[in-house]
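> okay, here's the prediction I keep looking at, along with the sequence it came from:
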Amino acid sequence: MRAEDLFKAMGELDEELIARSDRRASSGKRKRRGQNSVYRFAVVAISAAAAVFLLLMARDFIGTRGAQSTKSSQLVSQEKDGAQEDVVMAGEAPDAAEAAEEDKAAGPDETQGKNGSKSEAVSEDGEASEADGVKAPTAAEPEAAAETESAGGNDSVRSNAEGAGADSKAGADSAADAGSPDGEKEAVDLMGDKKGDYISLEYISAEDQADGKSTTVPDYTPEGEEILSRAFDNGKPVPSMMANTGDPVYYVFLTKENGKVDTITFYENSYVSMDNYPGVVMRISQADYEDVMTLFR
Amino acid sequence: MEDTEIIDLYWKRDERAIEETDHKYGKYCHTVAYNVLGDHEDSRECVNDTWLRAWKSMPPQRPSVLRAFLAKIARNLAFDRYRARSASKRGGGTMEAVLDELAECADLSGKWNGEELYAAGELKEAINQFVKDLPEREGDLFVRRYFFAEAIPDIAKRYQMTENNVTVILSRTRKKLRNYLTEGGFME
């Protein structure tokens, strides 16, 4: 008997036996397919999760870097302003500095009393303030300024100077508003902490630009400054690839002393892009965005 | 179409029976033939011969499992074709390995005439009984290897086993078969 005979004899196996083997083989195959599907699904799910994690990491990284850059430029600006104020306080408004020191040393009641006198002094000088286009300080502002004087904030020092007396106020204002020789606030001051980097600010709507119209210089208002400052403070950096910006609505051109122009673009979906931060856009709240749009209209 | 309906078509001598069979089992029978022959062209011809053989077999036969019935025809025709082909040239491949393995269970003395045993139906009865008595997993592996002539890696994948494990189980089963055939008086 040869192997071929044996193999041939195997060919006469009972059909039931063959069918049973086939059925088990098929069910094993189905089971394996099911397991493969689960495995594939798991791989896809894990890959997707990893991709999302990496994207979020990248977004955080870019956001942090953008925020650090903004913060460091703010710090530089604040230090510069603080230094200017120190000079002014030492040279032109010693009374203001002394008053601030006294405020700091005094108890809360005494401070409140002094604040009251400051408010009076300011309101007596209300006409001059309006003529200068300077925001009339509230009673709370000098108090806050006294508490945060060491931070060297521009506004706080200015408020102290104002609060110290009507005589020294004009000089303090002119010193605080560096870049405006006559002491008047300019459009560029709308940039708040970043104003030290620029000498002029102009804007134009995308529509007007398409029509070939020229840019406009916005009027400075304290409200405008507050709106812009708030909008930029509350903005969240987002990688531009993840943003649905929509079309540009307004362009704002900021000119540096060396003539270089930085452009800020406001988009229709509350996004803002800046030349300084390529690949990153800032998402500002809808309310802030509406307020900013009001400034330009 | 259900198998019973296809069988009815054969019994009615309706030629659509072959179309339906080809549609439902063409690929399957091709795989069975290809395992033995290792050649697509030969396997296609073998499948066509299978339909012809099925047409001649039904009636009078009415298979209980059409799929297995067709697999048997395809496999046996493929093996006949393989033997005719290998008379002129012998190559490697799965079929050679299968026959080499089965040679362990064969009586090489030539004392027993396999053709006669086969014709008498004794050998196939003995093999059927042997496979029936095997444990489920061993029986399945044995059928996949020595009926369907599947390659070891394919069997291992099908049953989620290692190739080595499959080889070892098949080796043990062959030893059992040899003992079984010896005890049954088919070999010395």
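All right, it came through fine.
> quick one: the helices in the stretch 151-297 of chain A?
Counting by DSSP state H, counting those that start in this stretch, the segments of the stretch 151-297 of chain A that form helices are A:154-164, A:166-176, A:206-210, A:222-234, A:286-296.
> what's the fourth one packed up against?
Meaning helix A:222-234. Judged by 3 or more C-beta pairs under 8 Å, 6 or more residues apart in numbering or on different chains; DSSP states H and E, helix A:222-234 is in contact with helix A:286-296. Quick note: C-beta positions are derived from backbone N, CA and C, even for glycine.
> so the helix it packs on versus helix A:222-234, what angle?
Here helix A:286-296 points in a direction 140 degrees away from that of helix A:222-234 (axes from the mean of the first three to the mean of the last three C-alpha atoms, to 10 degrees).
> for helix A:286-296, packing partners?
Helix A:286-296 is packed against helix A:222-234, strand A:248-255, strand A:261-267, with contacts defined by 3+ C-beta pairs under 8 Å, 6+ apart.
> residue of the stretch 1-150 of chain A closest to chain B, please.
A:Asp5 (2.6 Å; C-beta to the nearest C-beta).
> so which strand or helix has that residue?
Following DSSP states H and E, the helix or strand that holds A:Asp5 is helix A:3-10.
> ok, then the element right after the lowest-mean-pLDDT helix or strand in chain B?
When each helix and strand of chain B is scored by mean pLDDT, DSSP states H and E, helix B:114-120 comes last, with a mean of 59. As assigned by DSSP H and E, the chain's next helix or strand after helix B:114-120 is helix B:122-133.
> which residues does the helix or strand that contains B:Asp22 contact?
If you go by DSSP H and E, B:Asp22 is part of helix B:16-37. The contact list for helix B:16-37, computed with C-beta atoms under 8 Å, 6 or more residues apart in numbering or on different chains, reads B:1, B:5-6, B:9-10, B:40, B:42-44, B:46-47, B:50-51, B:54-55, B:58, B:66-67, B:70-71, B:74-75, B:77-79, B:81-82, B:85, B:94-95, B:148-151.
> do the same with stretch B:38-57
If you take C-beta under 8 Å, 6+ apart as the criterion, stretch B:38-57 is touched by B:10, B:17-18, B:21-22, B:26, B:29-30, B:33-34, B:37, B:69-70, B:73-74, B:77-78, B:81, B:85, B:93-95.
> how about it: buried residues?
Buried residues in stretch B:38-57, counting neighbours by 16 or more other C-beta atoms under 10 Å in any protein chain shown, are found at B:38-39, B:42-43, B:45-47, B:49-51, B:53-54.
> next step: the residues you listed restricted to helices.
Within those, residues falling in helices by DSSP state H are B:42-43, B:45-47, B:49-51, B:53-54.
> would you list the residues you listed in JSON lines and tack on pLDDT and distance to A:Ser229?
Converted to JSON lines, these look like this (pLDDT from 0 to 100; distance: C-beta to C-beta, whole Å):
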{"residue": "B:Asp42", "pLDDT": "86", "distance to A:Ser229": "85"}
{"residue": "B:Ser43", "pLDDT": "90", "distance to A:Ser229": "81"}
{"residue": "B:Glu45", "pLDDT": "89", "distance to A:Ser229": "87"}
{"residue": "B:Cys46", "pLDDT": "90", "distance to A:Ser229": "86"}
{"residue": "B:Val47", "pLDDT": "91", "distance to A:Ser229": "83"}
{"residue": "B:Asp49", "pLDDT": "90", "distance to A:Ser229": "90"}
{"residue": "B:Thr50", "pLDDT": "91", "distance to A:Ser229": "87"}
{"residue": "B:Trp51", "pLDDT": "91", "distance to A:Ser229": "87"}
{"residue": "B:Arg53", "pLDDT": "89", "distance to A:Ser229": "92"}
{"residue": "B:Ala54", "pLDDT": "90", "distance to A:Ser229": "89"}
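> does chain A have contacts with the host helix or strand of B:Asp8?
Following DSSP H and E, one finds B:Asp8 within helix B:3-11. No: Helix B:3-11 does not reach chain A (C-beta under 8 Å from any C-beta of the partner chain); its nearest approach is 10.8 Å.
> what angle do that helix and helix B:16-37 make?
Going by the same axes, to 10 degrees, helix B:3-11 is angled at 110 degrees with respect to helix B:16-37.
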